[in-house]
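Chemist: Need coordinates for the following:
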Amino acid sequence: MSEAADPVTLRRALAGAEEYLARRGVDRSRFEAELIFSQALGLSRIELYMDLDRPLTPEERERALGLVARRGKREPLAYVLGEWGFRRLTLKTDARALVPRPETEILVERALALIEQLESPRVLDVGTGSGAIALALADEHPGARVVALDSSPDALALARENAEKCGLEIELKQGDIRASIARDPVAGEFDLVVSNPPYVLPEEIETLEPEVRDWEPREALVGVGVPEALAGRARELLVPGGRLAVELGEGQQAAYAALLGDLGYEAVTITPDLTGRERVVEARWP
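Modeler: Numbering: from 1, shown residues only. Now for the predicted structure:
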């Protein structure tokens with residue numbers, strides 16, 4: 001039967017996309033299909049449901065099903081959509097940097113609490129990636145002067161695009177926190193050093209979901225020695241009484257807290273995420 005005689009409605013296309021994504025192992029396949037069609041058609045999810053029986057044009061079907069096919073290959077939904085919400089911001093997302101995680105919003109929340117009494121705190125975000133943490137801090141503490149550091153020029157380019165998209169001003173610098181101080185681009189003193197560093201162990205990478213293992217930048221996931229180097233370098237960057245706040249993977253917090261104590265930090269605490277899992281380690285430099 002021709003398409004003209006048997007038009008494909010939005011309802012039918014959504015059901016087909018849901019079934020396809022489910023077969024490909026995508027959780028919440030209906031929800032994700034709705035998000036993809038919303039993006040492809042320029043409609044909200046509510047608007048989709050208000051017009052389920054309308055036929056799709058060939059162009060609309062091609063555009064939506066192209067995105068569905070990408071998601072079926074287990075490309076992260078945020079990359080497929082091209083944008084992702086983080087705190088109050090909508091950020092551009094692609095394979096140049098990790099997808100901003102909901103868990104990382106807890107790190108931002110703690111960072112804001114640590115600088116809320118300071119009128120113009122100087123903040124360093126180490127491993128900024130898409131710029132999510134740095135931009136959220138600049139957005140929610142307008143007086144903050146935020147420096148965003150990353151070793152990847154591609155990630156920094158994405159962070160710059162996001163800064164322009166959000167209309168926020170941050171200072172972007174390329175460099176590796178593990179580099180010698182002579183080659184370190186970061187100078188000055190900071191009231192807060194914050195980071196969601198690469199903390200996946202090399203032997204753990206194959207246990208991760210395909211969206212993470214096969215698509216997100218490996219150097220942003222696996223960085224042997226980065227959290228430890230960060231702890232050591234932050235001592236030279238923090239003002240007296242300055243704070244360090246670091247997000248780590250499950251089961252890593254206690255050892256890192258002990259390391260901070262050994263390095264001379266005080267008031268070391270661990271904050272759980274919304275699921276109750278230990279997430280953020282923070283400390284004060286004396």
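
Chemist: Now the phi/psi pair for Q39, please.
Modeler: phi -70, psi -50 (degrees, to the nearest 10).

Chemist: again with A134
Modeler: phi -60, psi -40.

Chemist: and it, how many neighbours?
Modeler: Using other C-beta atoms under 10 Å, A134 has 30 other residues around it. C-beta coordinates here come from the backbone N, C-alpha and C atoms, glycine included.

Chemist: That one touches I170, doesn't it?
Modeler: Yes: using C-beta atoms under 8 Å, A134 is in contact with I170, at 4.8 Å.

Chemist: Give the residues shared as contacts by the two.
Modeler: Shared contacts of A134 and I170 (C-beta atoms under 8 Å, 6 or more residues apart in numbering): V146, V147, A148, A159.

Chemist: so where's the stretch 101-250 of the chain uncertain?
Modeler: The model of the stretch 101-250 of the chain has pLDDT under 70 over residues 180-184.

Chemist: got the residue ranges for the strands in it?
Modeler: 122-126, 145-150, 171-174, 190-195, 238-247 (DSSP state E, counting those that start in this stretch).

Chemist: Most tightly packed of the ones you listed?
Modeler: Mean neighbours per residue, mean count of other C-beta atoms under 10 Å, is largest over these for strand 122-126, with a mean of 27.

Chemist: Give the partner strands of that strand in its sheet and their orientations.
Modeler: Counting by DSSP bridges, the strands paired with strand 122-126 are strand 145-150 (parallel), strand 190-195 (parallel).

Chemist: and the next element down the chain from the last one?
Modeler: It stands for strand 190-195. helix 210 (DSSP states H and E).

Chemist: Quick one: residues in contact with that following helix.
Modeler: With contact meaning C-beta under 8 Å, 6+ apart, helix 210 is reached by G25, R74.

Chemist: rerun at 6 Å
Modeler: R74 (C-beta atoms under 6 Å, 6 or more residues apart in numbering).

Chemist: Then stretch 137-144?
Modeler: Against stretch 137-144 from outside (C-beta under 6 Å, 6+ apart): R88, L112, E119, S120, P121, V123, V146, L168, I170.

Chemist: swap the cut-off to 7 Å and go again
Modeler: Applying C-beta atoms under 7 Å, 6 or more residues apart in numbering, the contact partners of stretch 137-144 are 87-89, 108, 111-112, 115, 119-121, 123, 146, 166, 168-170.

Chemist: Ok, stretch 190-204 next?
Modeler: In contact with stretch 190-204 (C-beta under 7 Å, 6+ apart) are residues 104, 107, 111, 114-115, 118, 121-127, 133, 219-224, 226-227, 230, 234, 237-239, 242-249, 252.

Chemist: residues touching R160, list them.
Modeler: Per C-beta under 7 Å, 6+ apart, neighbours of R160: L172.

Chemist: and what of R178?
Modeler: Neighbours of R178 in contact, by C-beta under 7 Å, 6+ apart: G225, V226, A229.

Chemist: With distance to T271 and neighbour count as new columns, can the residues you listed be given to me in TSV?
Modeler: Shown next, in TSV, are these (distance: C-beta to C-beta, whole Å; neighbours: other C-beta atoms under 10 Å):
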residue	distance to T271	neighbour count
G225	24	12
V226	20	20
A229	22	17
